[in-house]
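In: Next comes the sequence, and after it the predicted model I'd like to discuss.
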Amino acid sequence: MTTAEPAGRISRIIHDPVGRPSTRAVAFWTWNAIVGWFVFLCLQLVWMLIANAWTAPLHLAGLALTVVVAIVHVSIMPRWRYRVHRWEITEDAVFVRSGWLTQETRVAPIARLQTVDSRRGFLHRIYGLTTVTITTASSAGALSIHALDDAVARDVVATLSAVAQQSKGDAT
């Protein structure tokens, strides 16, 4: 912090974002995790079939461990992720907090905004959700606001487009 910047401006910049993902995000992340674990479990079963290892204690222990870890992951991760994920757009910056085991808070100045994209995969469309990705002139990569209601995501894209057009920065 430099002495030239007023303390009020710094406290406005550094804060916890207030926007949340959609309440349907928990169900979306749950099904997303179930699909991932189901594919992994199927691959493990195919491997056991090919190796003819249905009675091998090590293979059975690995299968049991996979099932236990999958159950714990599917039951904890979506709710935890919902509690952590936050976002906010101000006239100066975009704030995003995400993750669950490893949590990350990112602040991107509006003047550095380059592109705004939205993504709706198959499960996204079923749940009426959209992920908005904001690319900036940063080596840290893009910011993603996950699992927004479709209408909220459209508003976010429109807001960011309008704010970016008003910004005097050159996005570099």
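Out: That came in fine, so what should we check first?

In: okay, CA-based contacts and neighbour counts for the rest of this
Out: Will do.

In: so for the longest helix belonging to the chain, what's the average pLDDT?
Out: Of all segments of type helix in the chain, defined using DSSP state H, the longest is helix 57-84. Mean pLDDT, helix 57-84: 94.

In: which stretches of the protein form strands?
Out: Taking DSSP state E as the criterion, the chain carries its strands at 86-89, 93-99, 103-109, 113-119, 129-136, 143-149.

In: closest to Gln44 out of the ones you listed?
Out: strand 93-99 (27.3 Å; CA to CA).

In: Report the distance from the closest one to the chain centre.
Out: 9 Å (CA atoms, centre = their mean, to the nearest Å).

In: Start at 392, not 1
Out: Understood, numbering begins at 392; the last thing we discussed is strand 484-490.

In: on that earlier part again, return the most buried member of the strands of the chain.
Out: strand 534-540 (a mean of 23; mean count of other CA atoms under 10 Å).

In: other SSEs contacting it?
Out: strand 484-490, strand 520-527 (3 or more CA pairs under 8 Å, 6 or more residues apart in numbering; DSSP states H and E).

In: Could you rerun that using 6 Å?
Out: Counting contacts by 3 or more CA pairs under 6 Å, 6 or more residues apart in numbering; DSSP states H and E, strand 534-540 packs against strand 520-527.

In: Let me see the mean pLDDT of the strand it packs on.
Out: On average, strand 520-527 scores 95.

In: Closest to the mean position in the chain, which residue would that be?
Out: The residue lying closest to the centre of the chain (CA atoms, centre = their mean) is His537, at 4.2 Å.

In: Kind regards, and thank you for your time.
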